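> Just to be clear, the model below is a prediction. Sequence and coordinates:
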Amino acid sequence: MLRIFFSSEDILRTRMAPAADPVWELVLSLHLLQGRSADPLMANWRRTVARGLHQDSASDRLRLLFALNPPRGYFPDFLTPYQSLQGFEAGLEALRGMPAETLHRDLTVLAGENELPSSASALARGEPEVLRHLTDSMVQYQTLAITPYWPRIQAAVEADRTRRARALLDGGVEGLLTSLRPAMRWDAGVLEVLDYPDTRELHLDGRGLLLVPSFFCARTPVALLDPALPPVLVYPVDRLGGLLREPGRGAGPVPDGTNREALAALLGRTRAAVLEATDQGSTTGEVARRLQISAAAASQHTTVLRNAGLLVSQRDRNTVLHTLTPLGRAMLDA
């Protein structure tokens, strides 16, 4: 079990990541790809990515990246720098500038349980060429395994963020932390991660905690090993039916000149209004009250919009929360 200790100052400084973190998603997807999970929601993604790697003539360049990310156990803290909050390139830039002592320390821990390729020695010395090789391989892997599915990943993470935002509004930060059940338990200033593989304590010491919702995180939340790093806890979100490759370039903008009237003509006025009502996230009951329609009608309209890829729906006990997908937001904002 991991026990995270909060002071009153830590509670004030606890916050959510602003969006899906592309570096964390990449790293955790590598663990999922190599693991033995039989999750049917991810089976098609695993087959497609494995086939793409097999066909990619440059896939041998990924050997170091895969070795740094074993399917189970420890993986280096330096792979997920805090700067990735600002985006993929910011995370890679921080990785390219990682101090040699940090690289050596983390790789020593990893080598204690795993066999590493010879290039890991040069990486541990902080050789710039090897660091560039590593970040180039991350870009290569992202193009194949993450980018085609990014709108779905974003939608699942944003749906979770909306759910946590409502918990925060209703119950403050303690309400937010309580909402992380059942994987975690909040009690008297301590957040317990129940199925954590090690027995550890993390004292935040006034730094607060960054909560990072993740699509590729497995059942157990993940924390960094080094207690001196900014405290981060990555936790799994509802995968909302799994991953499908987005057609073409994914959820791009709708054609110029589309407006709310055109949207109403396309969807029907009630469904267009339902789409607008879920702009900031709404339950089925809230949609019904806002539009003065029956709960059954609201449920029917949200089902149609969800099946069209415009909404995602997430059940939380007795309510279902609906949020826009990137495609739904593009249609609404055009």
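Thanks, I have it.
> And residue 309, what's its pLDDT?
You'll see residue 309 listed with a pLDDT of 80.
> Specify the beta-bridge partners of residue 319.
Note on residue 319: beta-bridge partners by DSSP bridges are residue 316.
> Would you check how far apart it and residue 154 are?
23 Å (CB to CB, to the nearest Å). All C-beta spots, glycine's among them, are computed from the backbone N, C-alpha and C.
> Which one of the two is surrounded by more residues?
residue 154 (20 against 13; other CB atoms under 10 Å).
> what residues are up against the more buried one?
Listed by CB atoms under 8 Å, 6 or more residues apart in numbering, the contact partners of residue 154 are 19-20, 326.
> how does it look with 6 Å?
Shown in contact with residue 154 (CB atoms under 6 Å, 6 or more residues apart in numbering): 20, 326.
> Name the spans of the stretch 151-300 of the chain whose pLDDT lies under the cut-off.
Scanning the stretch 151-300 of the chain for pLDDT under 70 picks out 240-266.
> all helices for it, in order.
260-267, 269-277, 284-291, 295-307 (DSSP state H, counting those that start in this stretch).
> Can you give me the domain boundaries for the protein?
Here the domain parsing of the chain from automatic domain parsing is 2-18+151-236, 22-150, 260-333.
> what about the second one, how long is it end to end?
End-to-end distance for domain 22-150, by CA to CA, to the nearest Å: 9 Å.
> in this structure, which residue is closest to the centre?
Geometric centre of the chain, nearest residue: residue 214, 2.3 Å, by CA atoms, centre = their mean.
> Excluding residues flanking it in the chain, which one is nearest that one?
Residue nearest to residue 214 in three dimensions, not counting chain neighbours: residue 234, with 4.9 Å by CB to CB, 6 or more residues apart in numbering.
> can you check residue 290 too?
residue 277 (5.1 Å).
> Equivalent analysis for residue 76, please.
Distances taken as CB to CB, 6+ apart place residue 106 nearest to residue 76, at 3.8 Å, with adjacent residues excluded.
> what sits against that neighbour?
Residue 106 touches 76-78, counting by CB under 6 Å, 6+ apart.
> okay, stretch 96-111 in PDB with CA atoms only?
This file holds the C-alpha atoms of stretch 96-111, laid out as PDB (Å, rounded to 0.1, in the frame of the first residue of the first chain):
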ATOM      1  CA  ARG A  96      17.300  15.600 -23.400                       C
ATOM      2  CA  GLY A  97      18.600  17.900 -20.700                       C
ATOM      3  CA  MET A  98      18.400  15.400 -17.800                       C
ATOM      4  CA  PRO A  99      21.500  15.500 -15.500                       C
ATOM      5  CA  ALA A 100      23.800  12.500 -15.800                       C
ATOM      6  CA  GLU A 101      23.600  11.800 -12.100                       C
ATOM      7  CA  THR A 102      19.800  11.400 -12.300                       C
ATOM      8  CA  LEU A 103      20.100   9.100 -15.300                       C
ATOM      9  CA  HIS A 104      22.800   7.000 -13.600                       C
ATOM     10  CA  ARG A 105      20.800   6.700 -10.400                       C
ATOM     11  CA  ASP A 106      17.500   5.600 -12.100                       C
ATOM     12  CA  LEU A 107      19.300   3.200 -14.400                       C
ATOM     13  CA  THR A 108      21.100   1.600 -11.500                       C
ATOM     14  CA  VAL A 109      17.800   0.800  -9.900                       C
ATOM     15  CA  LEU A 110      16.300  -0.500 -13.200                       C
ATOM     16  CA  ALA A 111      19.400  -2.700 -13.900                       C
END
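> For that stretch, buried residues please.
98, 102-103, 105-107, 110 (16 or more other CB atoms under 10 Å).
> do stretch 283-298 as well
283-284, 286-288, 291, 293, 298.
> among the residues you listed, which two are most distant?
Farthest-apart pair in the buried residues of stretch 283-298 is 283 and 293; separation 13.8 Å (CB to CB).
> before we move on, the earlier item: and which of the contacts of residue 106 is nearest to residue 227?
Distance to residue 227, by CB to CB, is smallest for residue 77 among the contacts of residue 106, at 10.5 Å.
> number of nearby residues for the closest one?
When counting by other CB under 10 Å, one arrives at 19 neighbours for residue 77.
> Repeat that for residue 51.
Residues near residue 51, counting by other CB under 10 Å: 11.
> swap in the one 10 residues further on?
Using other CB under 10 Å, the number of residues around residue 61 comes to 15.
> Just list the residues touching it, thanks.
Shown in contact with residue 61 (CB under 6 Å, 6+ apart): residue 137.
> per-residue pLDDT, it?
For residue 61, pLDDT reads 77.
> same thing with residue 5?
pLDDT at residue 5 comes out at 97.
> Would you check how far apart the closest residue to it other than its chain neighbours and residue 275 are?
Counting by CB to CB, 6+ apart, residue 5 lies nearest to residue 203, which is 4.8 Å off, once chain neighbours are set aside. Relative to residue 275, residue 203 is positioned 45 Å away (CB to CB).
> the more surrounded of those two?
Between residue 203 and residue 275, counted using other CB under 10 Å, the more crowded position is residue 275 (26 against 14).
> Please tell me how far the more buried one sits from residue 25.
In terms of CB to CB, residue 275 sits 27 Å off from residue 25.
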